[in-house]
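> my questions are about this predicted structure, shown below with the sequence.
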Amino acid sequence: MSAALDVAGLRVTAPAGVLVESLDLRVDPGRTLAIVGESGSGKSMTAKAIIGLLPAGVTATGTVRVGTATVQLGGDQRVLAGLRGTRIGLLLQNPFTSLSPVHRCGAQLAAALPAAARTAAEVERRLGEVDLPGRVARMYPFELSGGMRQRVALAASLASDPDVLIGDEPTTALDVTTQREVLDLLAGLQRDRRMALVLITHDLGVARERADDLVVMYAGRGVERGAAEALFGGPRHPYTAALRDSDPPLDHRVARLPTLPGSVPRSWEITAGCAFAARCARAAARCRTDAPVEAPAGAGRTVSCWFPLMEDDLAMGSAAAQPADEPPATATVDGGAPLVRVAGLTRRFGGDAPPALDDVSIRIDRGEAVGVVGESGSGKTTLARCLVGLEHPDGGRIDWSAAGPRHRLVQIVFQDPASALNPAMSVGAALGEAASRGDGRRSVGDLLDLVGLPAGYARRRPAALSGGEQQRVAIARALAPDPLLLICDEAVSSLDVSVQAQILNLLGDLHRRLGLAVLFITHDLAVVRQVATRLYVLRAGRVVEDGPTESVLGAPADAYTRALFASVPGGHAVDGRGEGRVDG
Amino acid sequence: MAASSTRHGVVHFIAVRLAATLALLLAVSFVVFGLLHLTPGDPARNLLGPRAPSPAALAAVRAQYHLDRPFLIQYGYWIGGVLSGDFGHSIRSGEAVTAALADRVQLTVQLAGLAFVMTVISAVPLGVMAARRAGSVVDRTVSAGAVVGVGAPTYAVGLLLLYWLGQRLRWFPVFGSGRPGWWSADRWWHLVLPAMTLAIGIGALVFKLTRTAVLAELHQDYVTFARSRGLSERAVRALVLRNAFIPVATSLGLVFSFLFGGTILAEVTFSLKGIGAYLASSVTFKDIPVVQAITLLTAAVIALTALAVDVVAVVADPRVRRRAMS
């Protein structure tokens, strides 16, 4: 069978240096290839290079074959332009920006239809294909939810019936239940059209559940490739194994997530040897001097590693991620009054809109780790903002059993550390300022030590830190006034999976060592399972279910919780981690 | 159904904004009328100017302006006159303000209008072109020129144009306002150089705004997505321009307000009898009725331009339309 898409020797170069180094890809008609990697791995640039839409200043070389057409990248741009839409399409991550805000959905969909088919009936039929009613044609994107916008974008990207669709994190911005719907829809359309799909994702669950084949990218290089199931079951490359292990499992809690030190290096900073050598526990002298060559590793598999993992190694490696028997330690439960009791909390925005919070009651004990799970619009962030006093409820009570000003009781860590830290302020100044609001017990050096950063970081500015380091600083700043409760509002959602594991471990340590109560707000059930003893499930401003984490996630009573649980990609597939189920 | 309710909503929005504009102008007229009383000294003497006032003249002016009546009644008489086109008499010349202003308003409107058209037809296309070829030699050349245009003082540009195109090449008249009239070719001919002078400074600004707006749109995801679907460059350009139109139109409203109030340097440089120069000399001579008339007129132009910008935004941007109607 001839490939639908065949990319050979792809190399992408930016003014700063090489972004993608000699990458080969191949997808057959009707099949799905997932490109998996963390941020900085070059996966998005790969997508843009294949379709010839790189940003200004970034260039690509290599050969792209789409069906019978062959294009030399870096040559005549018009050849590739002629293939766009009809032979190869692209679906972008953010449905809020990928459609023009001032044009109606129908017109945007029709624009890519073949000239003869630009009729209202055809637009309606295409909308029907993505399960949208015909009236959406007359609506503007801002009048639709994120999931509906992404359906419109999907219909638009398929308007000229491409043979190959590249999805660049197409469901990352969506809620987990919406993500499942869109991925199912995509799979159905792909099957009907025998379309090849290149799925670019950082989400291992999505890749595992949806892909036939997998390429793992690290710092602009493909490090391992093969059939998805085989690759997840028995990774040969230490990076693939580490990535898999640091992804928190949905079905059980692990005592401590295995982590990788550091973060993904910039691809152009790697001058010699293996890109992964600096973070690899197996690295030897040869790894630092000679770049590994891609070598066969079983049926249809290759790995770029001098010392690939074997089955014995895998059995040993997974020992680190043994399931924890006991629930997460709760430092002090003195049986007294809860630290904070929220009763009947209500908050409305605007007149007719349903309330953001509708009679919400929760309690958090001293030193307890509590989770709040919900999708967008559930009111989980409004709840957090009410607790820290950033938002004033319209009704209900928040009673603290401890005395003191609010900032000594509770602090918050936000999702995006880059915007939560003042870019003009050094780390030391930011921590010093925050500490001055407490009793001055914690020095800047102590705070940095607490979150595992070297003391020298006090002089740095946030821009000089990686995302994970920035989030550590944000956590240190929140701990500076010595609060009794730390609220983490999607605090690990924007981090790469290997960094996310580091931060989750850090939060667990702080919770135990400082006897800190933690309110963990997230959309991610696997994450909350690792950190929280008790759980509240929020939907449309109401608590639909609550109880100990193990019982809520082990046997969800509410239909919504069950739907949420079932939507987690790759969630119910029994994986090779823990429980001795490694089968190479 | 949706379309007709949308149209109804737009009409309703315009009606509300028009009422608000009228209320604003009413408030401005209070302040403008108050000028007479805010000026130090006896209003009657101020209205008679520097001449030594005879008791009879004082009594006459008091009666004419109802200065012995309460403030609100005075205002009522005054605003009644204004609405019927009577701003009183100039202190300096004694002629009716409305008559004195008619020609000057015509000239300033023509000057500002011509400068505005010159700006729009040159700066907007240049801005679009520079954005589409960002970083190219063309872009860098025009952008560098725009920096000079923004920085160069109006009178200096005016003198330069006068010297080259007027004095040396004798293409355009160097002095005077030409024969009055909306359709007088002589008048428009006389206004080319002053309008060009204004358009160079303002156009540089509009060029930069347009370039920035178009460049910002070109970097949006929807452009990448449109290209990935195989849309022609023409179709992509239409998407981009339709989006960039909104910020550009908004800034053009500001530019027009600024132009109308900012013609004075060009008027002085080219010896034109417009309202800018007239306002300056009237302030100097404390010619209060004239100052009142010009201030109110300028306020009206600015308020109506703002109204027009709001209406354009509501028509052009569905998101603004939704907000305006909720």
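Cool, the structure landed. Residues are numbered from 1 along each chain as shown, chains lettered A, B, ... in the order given.

> can you list the domains in chain A?
Split into domains by automatic domain parsing, chain A comes to A:5-211, A:233-321, A:340-567.

> would whichever strand or helix holds residue B:258 count as contacting chain A?
Taking DSSP states H and E as the definition, residue B:258 sits inside helix B:233-261. Yes: using CB under 8 Å from any CB of the partner chain, we find that helix B:233-261 touches chain A at B:235, B:239, B:242, B:243, B:246. Where you see a C-beta, it was placed from the backbone N, CA and C, and this is true even at glycine.

> what's near enough to touch the second one?
Yep, that's residue B:239 we're talking about. Neighbouring residues of residue B:239 by CB atoms under 8 Å, 6 or more residues apart in numbering or on different chains: A:100, A:103, B:222, B:223, B:226, B:231.

> list the contacts for the closest residue to residue A:395 other than its chain neighbours?
Among residues not flanking residue A:395 along the chain, residue A:346 sits closest, at 4.0 Å (CB to CB, 6 or more residues apart in numbering or on different chains). For residue A:346, the contact set (CB under 8 Å, 6+ apart) comprises A:355, A:357, A:358, A:359, A:360, A:393, A:394, A:395, A:396.

> returning to what we had before: want to try TSV for the residues of helix B:233-261 next to chain A, with pLDDT as columns?
Supplementary listing: the residues of helix B:233-261 next to chain A in TSV, determined by pLDDT from 0 to 100:
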residue	pLDDT
B:235	94
B:239	95
B:242	95
B:243	95
B:246	93
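
> which among the residues you listed count as buried?
Buried subset of those (neighbour count, 16 or more other CB atoms under 10 Å in any protein chain shown): B:239, B:243, B:246.

> any chance of CSV for these, columns distance to residue A:31?
What follows is these, written out as CSV (distance: CB to CB, whole Å):
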residue, distance to residue A:31
B:239, 33
B:243, 37
B:246, 43
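
> and which of those residues is nearest residue A:185?
Nearest to residue A:185 among those is residue B:239, at 25.5 Å by CB to CB.

> now whichever helix or strand residue B:321 is part of, how far from the centre of its chain.
Using DSSP H and E, residue B:321 falls within helix B:318-325. Helix B:318-325 sits 27 Å away from the centroid of its parent chain (CA atoms, centre = their mean, to the nearest Å).

> so which other helices or strands are in contact with that helix?
helix B:2-38, helix B:288-316 (3 or more CB pairs under 8 Å, 6 or more residues apart in numbering or on different chains; DSSP states H and E).

> which of those sits most buried?
Comparing the helices and strands packed on helix B:318-325 by mean neighbour count (mean count of other CB atoms under 10 Å in any protein chain shown), helix B:288-316 ranks first with a mean of 19.

> and for the nearest residue to residue A:257 once chain neighbours are set aside, the neighbour number?
Counting by CB to CB, 6+ apart, residue A:501 is the residue found nearest to residue A:257 once chain neighbours are left out, at 4.0 Å. Residues within reach of residue A:501, counting by other CB atoms under 10 Å in any protein chain shown, total 27.

> that older thread, want to try a markdown table for the domains of chain A, with distance to residue B:114 and mean pLDDT as columns?
A markdown table is the format used below for these (distance: least, CB to CB, whole Å; pLDDT from 0 to 100):
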| stretch | distance to residue B:114 | mean pLDDT |
| --- | --- | --- |
| domain A:5-211 | 31 | 92 |
| domain A:233-321 | 55 | 84 |
| domain A:340-567 | 46 | 91 |
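
> want to throw those domains into TSV with distance to residue A:224?
TSV is the format used below for the domains of chain A (distance: least, CB to CB, whole Å):
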stretch	distance to residue A:224
domain A:5-211	9
domain A:233-321	4
domain A:340-567	15
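
> for residue B:309, find the nearest of these.
Of all the domains of chain A, domain A:5-211 sits nearest to residue B:309, with 16.5 Å by CB to CB.

> ok, back up a step: state the helix or strand in which the residue nearest to residue A:395 lies.
strand A:340-347.

> restricting to C-alpha, output that strand in CSV.
Provided in CSV are the C-alpha atoms of strand A:340-347 (Å, rounded to 0.1, in the frame of the first residue of the first chain):
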residue,chain,number,x,y,z
VAL,A,340,-12.8,26.4,56.7
ARG,A,341,-16.5,25.6,56.3
VAL,A,342,-18.2,26.9,53.2
ALA,A,343,-22.0,26.8,53.4
GLY,A,344,-24.6,27.6,50.7
LEU,A,345,-22.2,29.7,48.7
THR,A,346,-23.9,31.4,45.7
ARG,A,347,-22.4,33.8,43.1
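
> next one: it to chain centre, how far?
On CA atoms, centre = their mean, the centre of strand A:340-347 falls 31 Å from the chain's centre.

> kindly report the same for stretch A:439-449.
Stretch A:439-449 has its C-alpha centroid displaced from the chain centroid by 31 Å (CA atoms, centre = their mean).

> next one: stretch A:128-137
Worked out by CA atoms, centre = their mean, stretch A:128-137 lies 29 Å from the chain centre.

> do stretch B:37-52 as well
31 Å.

> what comes up buried for it?
Result for stretch B:37-52 [16+ other CB under 10 Å]: buried residues B:43, B:44, B:46, B:47, B:48.

> please apply the same query to stretch A:73-92.
So, applying 16+ other CB under 10 Å, buried residues of stretch A:73-92: A:73, A:80-81, A:83-92.

> before we move on, what about stretch B:149-158?
B:149, B:152, B:154, B:157, B:158.

> quick check: residues of chain A near chain B?
A:48, A:51, A:53, A:56, A:81, A:84-86, A:89-90, A:92, A:94, A:97-103, A:111-112, A:138, A:140, A:142-143, A:153, A:156-157, A:159-160.

> where exactly do the helices run in the stretch 351-500 of chain A?
With DSSP state H, counting those that start in this stretch as the criterion, the stretch 351-500 of chain A has helices at A:380-388, A:406-409, A:417-420, A:427-435, A:444-450, A:467-479, A:497-514.

> what's the fourth one packed up against?
Translated: helix A:427-435. helix A:444-450, helix A:467-479.

> closest to chain B out of the buried residues of stretch A:73-92?
The nearest member of these to chain B, counting by CB to the nearest CB, is residue A:85 at 2.2 Å.

> just confirm that closest one contacts residue B:228, I think it does.
Yes: here residue A:85 lies in contact with residue B:228, judged by CB atoms under 8 Å, at a distance of 7.2 Å.

> what is the burial count for residue 234?
Here I'm looking at chain A. Residue A:234: 22 surrounding residues under other CB under 10 Å.

> chain B was what I was after
Number of residues near residue B:234 (other CB under 10 Å) recorded here: 7.

> hey, what's residue A:488 bridged with?
Beta bridges link residue A:488 to residue A:413, residue A:520, judged by DSSP bridges.

> element containing residue A:226, please.
Element membership of residue A:226 [criterion: DSSP H and E] is strand A:221-227.

> and that strand, which strands flank it?
In the sheet, strand A:221-227 lines up against strand A:213-218 (antiparallel), strand A:302-304 (antiparallel) (DSSP bridges).

> burial measure for residue 277, as a count.
Since you didn't name a chain, this refers to chain A. Using other CB under 10 Å: residue A:277 sits among 22 other residues.

> nope, chain B
Here the number of neighbours of residue B:277 (other CB under 10 Å) works out to 19.

> those helices in the stretch 151-300 of chain B, which residues are they?
For the stretch 151-300 of chain B, the helices defined by DSSP H, counting those that start in this stretch occupy B:154-161, B:185-218, B:221-228, B:233-261, B:264-269, B:275-284, B:288-316.

> could you measure from residue A:41 over to chain B?
Distance from residue A:41 to chain B, counting by CB to the nearest CB, to the nearest Å: 20 Å.

> and that residue, how far from residue B:143?
Distance, residue A:41 to residue B:143, by CB to CB, to the nearest Å: 36 Å.

> how about residue A:177?
Separation of residue A:177 from residue B:143 (CB to CB) stands at 49 Å.

> contacting residues around the nearest residue to residue B:319 once chain neighbours are set aside?
Once flanking residues are discounted, residue B:319 sits nearest to residue A:142: 5.3 Å by CB to CB, 6+ apart. Contacts for residue A:142 (CB under 8 Å, 6+ apart) come out as A:101, B:318, B:319, B:322.
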